[in-house]
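Colleague: Quick one, structure for this:
(chains A, B, C and D)
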4 protein chains.
Amino acid sequence: MSGVWGEFLKISIFGESHGKCVGIIVNGLPAGLELDLAFIRRELDRRAPGKSFATARQEEDEFEIISGYFNNRTTGSPLSFVIRNNDQHSRDYEEIKNIMRPGHADFTAWSKYNGFHDYRGGGHFSGRLTAPLVLTGAIAKQILMKKGIVIGGHILSIGNIADTQIDPVNPDPELLLAVRTRLFPVISEEQGKLMQESIIQAKTEQDSLGGVVETAIVGLPAGIGSPFFDSVESKLAHLLFSIPAVKGVEFGAGFAITEMRGAVANDEFRLLEGQVRTATNHSGGIQGGITNGMPVIFRTAFKPTPSIARGQKTVDISTMQEVEIRIQGRHDPCIVPRAVPVVEAAAAIALLEMMIEKDGTLWMI
Amino acid sequence: MSGVWGEFLKISIFGESHGKCVGIIVNGLPAGLELDLAFIRRELDRRAPGKSFATARQEEDEFEIISGYFNNRTTGSPLSFVIRNNDQHSRDYEEIKNIMRPGHADFTAWSKYNGFHDYRGGGHFSGRLTAPLVLTGAIAKQILMKKGIVIGGHILSIGNIADTQIDPVNPDPELLLAVRTRLFPVISEEQGKLMQESIIQAKTEQDSLGGVVETAIVGLPAGIGSPFFDSVESKLAHLLFSIPAVKGVEFGAGFAITEMRGAVANDEFRLLEGQVRTATNHSGGIQGGITNGMPVIFRTAFKPTPSIARGQKTVDISTMQEVEIRIQGRHDPCIVPRAVPVVEAAAAIALLEMMIEKDGTLWMI
Amino acid sequence: MSGVWGEFLKISIFGESHGKCVGIIVNGLPAGLELDLAFIRRELDRRAPGKSFATARQEEDEFEIISGYFNNRTTGSPLSFVIRNNDQHSRDYEEIKNIMRPGHADFTAWSKYNGFHDYRGGGHFSGRLTAPLVLTGAIAKQILMKKGIVIGGHILSIGNIADTQIDPVNPDPELLLAVRTRLFPVISEEQGKLMQESIIQAKTEQDSLGGVVETAIVGLPAGIGSPFFDSVESKLAHLLFSIPAVKGVEFGAGFAITEMRGAVANDEFRLLEGQVRTATNHSGGIQGGITNGMPVIFRTAFKPTPSIARGQKTVDISTMQEVEIRIQGRHDPCIVPRAVPVVEAAAAIALLEMMIEKDGTLWMI
Amino acid sequence: MSGVWGEFLKISIFGESHGKCVGIIVNGLPAGLELDLAFIRRELDRRAPGKSFATARQEEDEFEIISGYFNNRTTGSPLSFVIRNNDQHSRDYEEIKNIMRPGHADFTAWSKYNGFHDYRGGGHFSGRLTAPLVLTGAIAKQILMKKGIVIGGHILSIGNIADTQIDPVNPDPELLLAVRTRLFPVISEEQGKLMQESIIQAKTEQDSLGGVVETAIVGLPAGIGSPFFDSVESKLAHLLFSIPAVKGVEFGAGFAITEMRGAVANDEFRLLEGQVRTATNHSGGIQGGITNGMPVIFRTAFKPTPSIARGQKTVDISTMQEVEIRIQGRHDPCIVPRAVPVVEAAAAIALLEMMIEKDGTLWMI
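Modeller: Below is the predicted model of the structure:
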């Protein structure tokens, strides 16, 4: 396996939830970038479990830069971060290490790694590994922001309760930025309240909920991405499907476009103040794998948190017996609110990669 | 941009629909493999437009091996294929080269390549580039078949007409293989008839239809894939989103899992004849990016064919005027039937890549 | 194995000497480049056996562009070339396929590919595969030339006869360009004559000669390359050691620097017309893997042609008997003259790759 | 730039000599490997400056595993190491940061990174970065050792004093292992004494020395490596030229082979106890980029330590004035003895990468 992703912007992730730390190495950034460390911290806070509502766990995501940063600037050398793990209750896991938790990677990790994986709290499979992604995404966002590119996500749904959709043709960047700062990132705060109630209800019932994150990228120029095999969709989906619990990704109208006829689905072109724009945006701002200058819109489906307190049937891999498991602990009944910054981060990283690709050869012509 | 994909199995695609040829170079296969050329031809036929119903175009997808094959065996050197283009009406495109066809990559290609792309019939963006993918997929399928792995897709829906779903827990490999051979690959032939009628109706109305392809991979061992960033979902989605017209990919219950509660969504483990199996398969056979030995199930959303005869508004990029376009020619009103082998091929290629990764280090232990 | 090289400029090589063709796919070039096809042809001619002195074989290296080029410009899509093989005497090889030719890759290919490789005339191991490299190098040279970068090689030695060295501090680009056009590319034509005589002598004695190619890259800006692991030396050496028959690569003073003391070996800095220059150039224009703006100087060692007519002892792999072999045919008694353009091409390709890397992130700052 | 190398075994290096730490992430190892930590420590000691003779500096290369290792076994997840920096005299460097040290990467780093690099003690360009390589090499060696593969280097020369060469046809693995454990790794201890005297002499004269490391890899099977572009030479040279101060790499007879005739240079095949062997080994155990089962022999040229106490002319980049510099501090007058384990490590890493490639597809046939 490889924890390395990217060709122009090459990231290398590592760590386990109950080991010493999680971290990431970022290759490919130019020297001389000043990082907004406070912004990185705020982004990490958006993902941190303690800061979310409905979670008891208080996690400190304090990051440390261990290389590639000098006199408050990137040096051009590999830029490395670690986030130490403080809140470790490893013994909790020792007892149940052979009981394969349904919906978790226990059994698949056991199969691939012949039982040698770090089984404590998900180990390398833990959602905690998304913290380094959010951190890297925060850097990418800073760079993209300078070019006027805004990436904003919101909770589109929790279970069957839906938020207002982002306007795919004219999303308001200010609104996106405002939603991003909310503890519970929805557009309709009314719907947000219903969602929160349903989450609390699920928790009471020792159960959990999933949902959909919708994201818009605004301000992108036309011409980012490639056909075969580095389409915007391919690059984004590759990173999005790396996020634990993601089971679906769709762009623009997504699966719903399959029920439209061509005459409706096609985004007709218009001239707007001398710019080529589309009248609708069913394609999500991408044709042939390349951006058309319209907002890139995509949705990411998250399954319900697999850790639930109610009894579930499973297998003890050491005895090869069927057993029942009740997962104790302070588990988040719905990770979707905390997933929003992770999705944004994945998008920011993928975009930065593609934007480097675009400009590397301009000098030749 | 790069037409290269993969690390263990490295493929390099090239060509344009109205240039000399399309083709692919396959790196990473061992020496000594005997290719079933007749099987490759049959797979190409499944994708070829002339063989489908409702298309006037008769395309010959005759492939030629130009390197890496000697005495009817792979040599271990790069294995290269070209498929020549015969049916070229390049002049058709000259007249409309500045008229950006809605839903096509004309404008995005123009933006990225500053107008220097080959605009004839989609050029490198054409669906014709999926022929080399199908060809490579046919090779991958042969290899996987020897290990008892079957990949089978069907049309799950055309517009709003749905086929019977594949049983996610116990899909019948014989059924999958049978469906694969059908000219119109559906499980319920009755529903297939309705779909075909709706396609003919759309064509009559100078319009087009999209749909969803559902695919099952049966016989996969547990332990294929990786967490961050080479999950089964990431690798498959990367290739699937390279296929023109794909706007969504979901695994297992996909977007629907977001409306389930954890207690339902979690696939409980069971022992079945000494094997660990799951009672349900909402996760689509993958947890933590790794296969669990259950069937891998995924769905791919295709937008309606963008080429339609009815009038559409658009922009002439040379004059920067709004104009109307009517796309002439023998366009397929629905590419979904022909997309089935392409989806299967993408899955086969991604799987083979991951299976090489798995076995490369076994000797170390 | 993989015939793919590069990250920014990704090339994919294929073909066999006695199969249908050899070829290459070039990814990563921008759209809109006009290729100087006559220049490519002249470069191929420099490598072609018929054009060299002392070779009977007349090879036609006529290349065909099969994708990525439209209206006399690159399209931005994969740019693909094939060079067909005309002069095939495959039957010559059938008889001796089991007789492992000393100095050739017969036995190593047999070992790696279990006997399934294409053994005719070296197959994929043939020096003929350097033709696609020269072709790609010719494109890279054109691009570099526009930035004032000249790459020029010459025969530094054949056996123990040496040419005048290139001045490492102030090489004359006009001289380099002039030498490049010579049929026998040396600086001292007198020494060149002696070399040619020694080659003819070796041929008469049914033997062969090797030699050293020295190359200078002039006009490079400071700041190209990277430390760990993408140093200029690493990238260049990687490609140079891909060329058949290369057994050594050294930069600047190379192995001789190991006999200097630090006070001599260190290249002191000077100011020359406001530019930082070095007084000597023992480092070959590179420190810490990055160019310093001085000429990059390197030498490449080629072993003698392994195909010789005189008797050699070897093994018949089918009978596992020791046998004698006399290699018939029109073999080049010394490939060094034809290797000069290949070395230059490898350097041009590696440089272009590194120059794309340099400029891709400039917009971020 | 990228600190990532490899495709099957992917390593990601980071750190600076006077920052917090240096380190490396290793991807691609299987789960379940028990690391011989004491062996890693011994290997690091071979490189550590304090352990060598003639150096005042006492450096502690204590490594810490920060991920991928659990219950004394690899987990299959990224295996990460940091080596903290203790001995930092950063202020020494502040004063001279604008004075470009001859032979160092000060000017090239300044050029590439626009002055934003970490200039303290070489920063990311420091020889200290070879410690993570040695560490990774120690792991690779352990794995290779289990397959009977021994990699052993020695000092072939310091300045113009030469050690006995390794027998290229029948090197004694026991001797190689013995030399490896020596504080001053030479075969002839007599010659070693002369070398040490010359180093002390150079130091007295405020000067420094370079030299050549010769390495043998014994026990390799035939069939490792590839033609174009992943030849054994390419892969090894790529990593070797990443090591600071390396200016030349040659295989087998290397540059000397250019003065042999083909009849001498060709390694004739023989049968020895049923095995195909070569009578000589001028090719260094490699033909066509692939091992032939004979020992792989190569030599690596190291320039003299650039840090010397005697005055040198250079440039102050801030004032753009020519100035004189005298480099103070406890600099190693000859790094060649400490370079031996670094060269061995680079070879072990490259080999492991190629051996994974070989075995990944065996199951297909």
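Colleague: Report the distance from stretch A:249-256 to the chain centre.
Modeller: 17 Å (Cα atoms, centre = their mean, to the nearest Å).
Colleague: What residues sit buried inside it?
Modeller: Residues of stretch A:249-256 classed as buried by neighbour count (16 or more other Cβ atoms under 10 Å in any protein chain shown): A:249-255. (Each C-beta comes from the backbone N, C-alpha and C, glycine too.)
Colleague: same question, stretch A:143-159
Modeller: A:143-145, A:149-159.
Colleague: Over to stretch A:342-359?
Modeller: Buried residues in stretch A:342-359 (16+ other Cβ under 10 Å): A:342-359.
Colleague: Which of the three states applies to the residue of the stretch 1-150 of chain A found nearest chain C?
Modeller: Here the stretch 1-150 of chain A gets closest to chain C at one residue, A:P30, 4.0 Å apart by Cβ to the nearest Cβ. Classification of A:P30 by DSSP: H, G, I helix; E, B strand; the rest coil places it in coil.
Colleague: tally of neighbours for it?
Modeller: Residues lying near A:P30 (other Cβ atoms under 10 Å in any protein chain shown) number 22.
Colleague: ok, it to A:L9 distance?
Modeller: Taking Cβ to Cβ, to the nearest Å as the measure, A:P30 falls 11 Å from A:L9.
Colleague: which residue ranges form the helices in the stretch 201-350 of chain A?
Modeller: Along the stretch 201-350 of chain A, counting by DSSP state H, counting those that start in this stretch, helices occupy A:232-240, A:262-265, A:336-359.
Colleague: between the longest one and helix A:232-240, what angle do the directions make?
Modeller: Which is helix A:336-359. Helix A:336-359 and helix A:232-240 are oriented at 130 degrees to each other (axes from the mean of the first three to the mean of the last three Cα atoms, to 10 degrees).
Colleague: what mean pLDDT would you report for helix A:336-359?
Modeller: Computed over helix A:336-359, the mean pLDDT rounds to 93.
Colleague: Is it in proximity to chain D?
Modeller: No - legend: contact between helix A:336-359 and chain D by Cβ under 8 Å from any Cβ of the partner chain is lacking; minimum distance shown is 11.8 Å.
Colleague: Show me what that helix is packed up against.
Modeller: helix A:37-47, helix A:130-146, strand A:150-158, helix A:173-181, strand A:211-218, helix A:232-240, strand A:296-302 (3 or more Cβ pairs under 8 Å, 6 or more residues apart in numbering or on different chains; DSSP states H and E).
Colleague: again, 6 Å this time
Modeller: In terms of contacts (3 or more Cβ pairs under 6 Å, 6 or more residues apart in numbering or on different chains; DSSP states H and E), helix A:336-359 is packed against helix A:37-47, helix A:130-146, strand A:150-158, strand A:211-218, helix A:232-240, strand A:296-302.
Colleague: Of the buried residues of stretch A:143-159, which pair is most distant in space?
Modeller: A:I143 and A:G159 (35.8 Å; Cβ to Cβ).
Colleague: What count of nearby residues applies to A:L271?
Modeller: 14.
Colleague: The one 5 residues further on now?
Modeller: Close neighbours of A:V276, defined as other Cβ under 10 Å, add up to 21.
Colleague: and if you look at A:T305?
Modeller: If we define neighbours as other Cβ under 10 Å, then A:T305 has 26 of them.
Colleague: Can you give me the neighbour number for the nearest residue to it once chain neighbours are set aside?
Modeller: Leaving aside its sequence neighbours, A:T305 sits nearest to A:S208 (Cβ to Cβ, 6 or more residues apart in numbering or on different chains; 3.9 Å). Neighbour count for A:S208, taken as other Cβ under 10 Å: 29.
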